[in-house]
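> Pasted the sequence and its predicted model underneath.
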Amino acid sequence: MKILTAAQTREADAQTITNENIASVDLMERAALAFTCWFENKFLPRQSVYIFAGPGNNGGDGLAVARLLHERSYPVKVFVIGDLTNASQDFQINHDRLPAAIAATPIVSIADFPSIPERALVIDALFGTGLSRPVTGLFAEVIGKMNNSKVCVISIDVPSGLYTDKQTPSEGAIIRATHTVSFELPKLAFFLPQHEQYVGAWHTVPIGLSPKYIAEAKTDHYFTTLEDVQQLLKPRRKFSHKGLYGHALLLCGSLGKMGAAVLAARACLRSGVGLLTVHAPSVGYSILQTAVPEAMTLSDPNRRVLSKLPDQMDKYSVVGAGPGIGTERQTKTVIGQLLATTSLPLVLDADAINLVGSSDRLKAQLPRNRVIFTPHPKEFERLVGKSKDDYDRLENMREFCREYACYMVLKGSHSAICTPEGEVYFNTTGNPGMATGGTGDVLTGIVTALVAQNYTLKEACLLGVYLHGLAGDLARETVGEISLIASDLIEQLPKAFRRLAPHQDLAR
Ligand SMILES: NC(=O)C1=CN([C@@H]2O[C@H](COP(=O)(O)OP(=O)(O)OC[C@H]3O[C@@H](n4cnc5c(N)ncnc54)[C@H](OP(=O)(O)O)[C@@H]3O)[C@@H](O)[C@H]2O)[C@@H](O)CC1
Ligand SMILES: [K+]
């Protein structure tokens with residue numbers, strides 16, 4: 001699904017109004033109703049609701065929500081801030097529609113800010129996508145009070161004060177929402193780690209924005225949904241044999257880090273690969289043969305670290321390299337040979353990324369259109385360089401992927417997948433329990449297996465990252481976030497695959 005800029009969202013609103021031949025206040029009513037339904041499902045009408053409305057259409061939404069919640073027996077109080085002589089037309093209409101029981105109290109100085117009871121709910125309808133400058137002055141003071149209220153704050157559409165598609169200047173005040181309920185689509189800002197404290201948990205509610213406009217809108221930013229990845233998953237053919245599903249080679253492990261190789265190998269096998277060979281330092285031979293009997297094991301001449309590429313590289317369909325390999329000189333030579341001498345697709349993770357990042361010579365040897373990097377933020381920095389903020393990091397990722405014609409999975413809460421064309425796809429599965437050692441090795445195994453099965457590199461990234469997060473979400477259901485370990489993801493992979501294709505096994 002596409003992510004739109006603030007300007008595109010306004011245009012989508014406008015086109016919806018024109019195409020459907022409705023008044024803009026009708027679209028506002030639809031939005032307010034969608035928000036109210038979400039709210040009703042979440043909170044009982046026992047708690048009083050304090051709504052803070054600004055002078056634009058976001059404020060208009062807040063006033064319409066006040067009326068709708070009042071009709072549903074929620075005790076509602078409304079406060080309006082700003083120069084209301086310049087308020088938007090739809091704000092005015094909804095102001096006039098407020099029932100007599102709701103007095104909209106103006107806040108003209110911070111002394112007018114109400115004291116908010118402990119169990120109240122606060123709705124933030126100060127600003128939405130029409131924010132035109134950083135929030136200062138009285139608005140900033142109001143935001144400060146709302147942030148200090150220690151109650152649940154629910155933002156309509158956007159946490160007020162946050163720019164949705166570019167860096168918010170540091171002098172601007174921003175709401176710290178518990179929940180953000182966004183209309184139709186999430187905003188780019190929601191996917192960036194630097195905004196975690198403002199956005200809280202985000203949700204989307206449909207308001208019927210013009211599908212035609214959305215389909216035609218140009219963007220470089222997308223987010224992946226279950227439906228998107230379901231379309232990618234290929235069924236297994238009836239007359240199958242293991243040769244159809246590729247032969248993956250993993251270059252993993254070193255003395256003391258054979259666990260990384262075991263995790264990557266097991267995840268690779270659970271992701272449908274036909275054959276798997278793991279090439280590891282000789283210390284890992286019996287470990288791998290015991291822990292992963294389904295995989296073939298090749299022993300490197302060196303006991304501790306990888307020092308040599310295996311022979312007959314052309315019999316493999318893909319190489320996954322990096323988990324647990326360390327950064328010793330011999331291993332760097334192996335990675336150099338891998339880049340220079342093979343023509344296979346490569347999935348490079350962990351120390352393979354660090355090795356490439358530390359050497360301009362290796363970077364210059366990167367083959368075009370057949371490398372996937374899967375860095376976490378620190379590895380990303382070693383490979384691509386430092387970034388000023390999350391928007392800058394996205395731009396740097398885009399530039400790097402264009403320059404080297406490679407794919408990148410920047411791992412995080414919403415892992416970002418970048419293509420050589422500079423398109424970025426944000427993943428929507430996964431949870432904080434996955435921030436634990438070994439989960440990256442599991443991802444390498446999954447993505448490598450998918451490339452082996454002839455998924456394009458882009459498909460392998462989108463599908464692999466989604467499945468990895470989904471396995472994490474399934475694991476959370478049984479072990480919780482705190483106890484979750486990387487092996488739990490592997491255990492849940494079968495269920496994750498079946499979630500994507502619920503009827504496939506039954507159809508036979
Ligand atoms: N269009 C539709 O049909 C639908 C729209 N919908 C809703 O509308 C929202 C967008 O509404 P919007 O465009 O009116 O902008 P909004 O965010 O309310 O703010 C604009 C006002 O704030 C002011 N202002 C701005 N920055 C400021 C600052 N830093 N400090 C102080 N003032 C500042 C600005 O003043 P100005 O810049 O003109 O001086 C103007 O008065 C969108 O997020 C969604 O919630 C839904 O109902 C669906 C249907
Ligand atoms: K808001």
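Received the coordinates, thanks. Ligands and ions are numbered 1, 2, ... in the order given.
> Identify the residue nearest the residue of the stretch 301-450 of the chain found nearest ligand 1 in space, chain neighbours excluded?
At 19.0 Å from ligand 1, Tyr391 is the closest residue in the stretch 301-450 of the chain, using CB to the nearest ligand atom. Glycine gets a C-beta too; all of them are placed from N, C-alpha and C. Nearest residue to Tyr391 in three dimensions, chain neighbours excluded: Gln167, at 5.1 Å (CB to CB, 6 or more residues apart in numbering).
> that older thread, what score does the residue of the stretch 301-450 of the chain closest to ligand 1 have for pLDDT?
At Tyr391, the model reports a pLDDT of 97.
> who's in contact with the one helix or strand it maps to?
Using DSSP states H and E, Tyr391 maps to helix 390-404. Applying CB atoms under 8 Å, 6 or more residues apart in numbering, the external contacts of helix 390-404 come out as 166-167, 192-195, 220, 363, 366, 368, 371, 377, 380, 383-385, 387, 406-408, 410, 416, 418-422, 424.
> got the CA positions of that helix in PDB?
Presented in PDB, the C-alpha positions along helix 390-404 are these (Å, rounded to 0.1, in the frame of the first residue of the first chain):
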ATOM      1  CA  ASP A 390      15.700   9.300  10.300                       C
ATOM      2  CA  TYR A 391      14.600  11.200   7.200                       C
ATOM      3  CA  ASP A 392      18.300  11.700   6.300                       C
ATOM      4  CA  ARG A 393      18.900   8.000   6.900                       C
ATOM      5  CA  LEU A 394      16.100   7.100   4.500                       C
ATOM      6  CA  GLU A 395      17.700   9.400   1.900                       C
ATOM      7  CA  ASN A 396      21.100   7.900   2.500                       C
ATOM      8  CA  MET A 397      19.700   4.400   2.100                       C
ATOM      9  CA  ARG A 398      18.100   5.300  -1.100                       C
ATOM     10  CA  GLU A 399      21.300   6.900  -2.500                       C
ATOM     11  CA  PHE A 400      23.300   3.900  -1.600                       C
ATOM     12  CA  CYS A 401      20.900   1.400  -3.100                       C
ATOM     13  CA  ARG A 402      20.800   3.500  -6.300                       C
ATOM     14  CA  GLU A 403      24.600   3.900  -6.500                       C
ATOM     15  CA  TYR A 404      25.300   0.200  -5.900                       C
END
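> Next secondary structure element downstream of it?
Proceeding N to C from helix 390-404, the next assigned helix or strand is strand 407-410, under DSSP H and E.
> starting at the chain centroid, how far to that following strand?
Mean C-alpha position of strand 407-410 versus that of the full chain (CA atoms, centre = their mean, to the nearest Å) differs by 12 Å.
> How about stretch 104-117?
On the basis of CA atoms, centre = their mean, stretch 104-117 sits 37 Å off its chain's mean C-alpha point.
> For that stretch, buried residues please.
Ala104, Ile107, Phe113, Ile116 (16 or more other CB atoms under 10 Å).
> quick check, nearest of those residues to ligand 2?
Using CB to the ion, Ile107 comes nearest to ligand 2 of these, at 15.7 Å.
> quick one on the thing from earlier: show only the entries of the contacts of helix 390-404 found in strands.
Those of these mapping onto strands are Val371, Tyr407, Met408, Leu410, Ala416, Cys418, Val424, per DSSP state E.
> Please produce a ChimeraX select command covering the buried subset of the contacts of helix 390-404.
Here is the ChimeraX selection string for the buried members of these, based on 16+ other CB under 10 Å:
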select :192,195,220,366,371,380,383,384,387,406,407,408,410,416,418,419,420,424
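> in stretch 242-250, what counts as buried?
Across stretch 242-250, burial judged by 16+ other CB under 10 Å covers Tyr245, Gly246, His247, Ala248, Leu249, Leu250.
> For ligand 2, see how far away the fourth one is.
Just to be clear, that refers to Ala248. Going from Ala248 to ligand 2 by CB to the ion, to the nearest Å gives 48 Å.
> And for the first one?
The gap separating Tyr245 from ligand 2 is 49 Å, by CB to the ion.
> Let me see the contact set for the residue nearest to that residue when sequence neighbours are not counted.
Distances taken as CB to CB, 6+ apart place Gly274 nearest to Tyr245, at 3.3 Å, with adjacent residues excluded. Contact analysis of Gly274 by CB under 8 Å, 6+ apart lists His241, Lys242, Gly243, Leu244, Tyr245, Gly246, His247, Ala452, Gln453.
> Which of the buried residues of stretch 242-250 fall within strands?
Those of the buried residues of stretch 242-250 mapping onto strands are His247, Ala248, Leu249, Leu250, per DSSP E.
> In TSV: those residues, plus distance to Glu184.
Below are these laid out as TSV (distance: CB to CB, whole Å):
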residue	distance to Glu184
His247	44
Ala248	40
Leu249	44
Leu250	42
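> now, the most widely separated pair of those?
Farthest-apart pair in these is His247 and Leu250; separation 11.1 Å (CB to CB).
> Identify the contacts common to those two.
By CB under 8 Å, 6+ apart, His247 and Leu250 have these common neighbours: Leu276, Thr277.
> now the strands: where do they sit in the stretch 1-150 of the chain?
For the stretch 1-150 of the chain, the strands defined by DSSP state E, counting those that start in this stretch cover 49-53, 76-81, 104-107, 121-125.
> Turn the ones you listed into a markdown table, columns for distance to Arg236.
Below are the strands of the stretch 1-150 of the chain laid out as a markdown table (distance: least, CB to CB, whole Å):
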| stretch | distance to Arg236 |
| --- | --- |
| strand 49-53 | 52 |
| strand 76-81 | 55 |
| strand 104-107 | 61 |
| strand 121-125 | 49 |
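> Which one, of those strands, ends up nearest to Gly259?
Counting by CB to CB, Gly259 lies closest to strand 121-125 out of these; the figure is 45.7 Å.
> Give me the sheet partners of that closest one and which way each runs.
With DSSP bridges as the test, strand 121-125 is paired with strand 49-53 (parallel), strand 152-156 (parallel).
> wait, which of the ones you listed is closest to Gly433?
strand 152-156 (23.2 Å).
> tell me the domain ranges of the protein?
As assigned by automatic domain parsing, the chain contains the domains 6-219, 227-233+244-499.
> Kindly compare burial across those domains and name the winner.
domain 227-233+244-499 (a mean of 21; mean count of other CB atoms under 10 Å).
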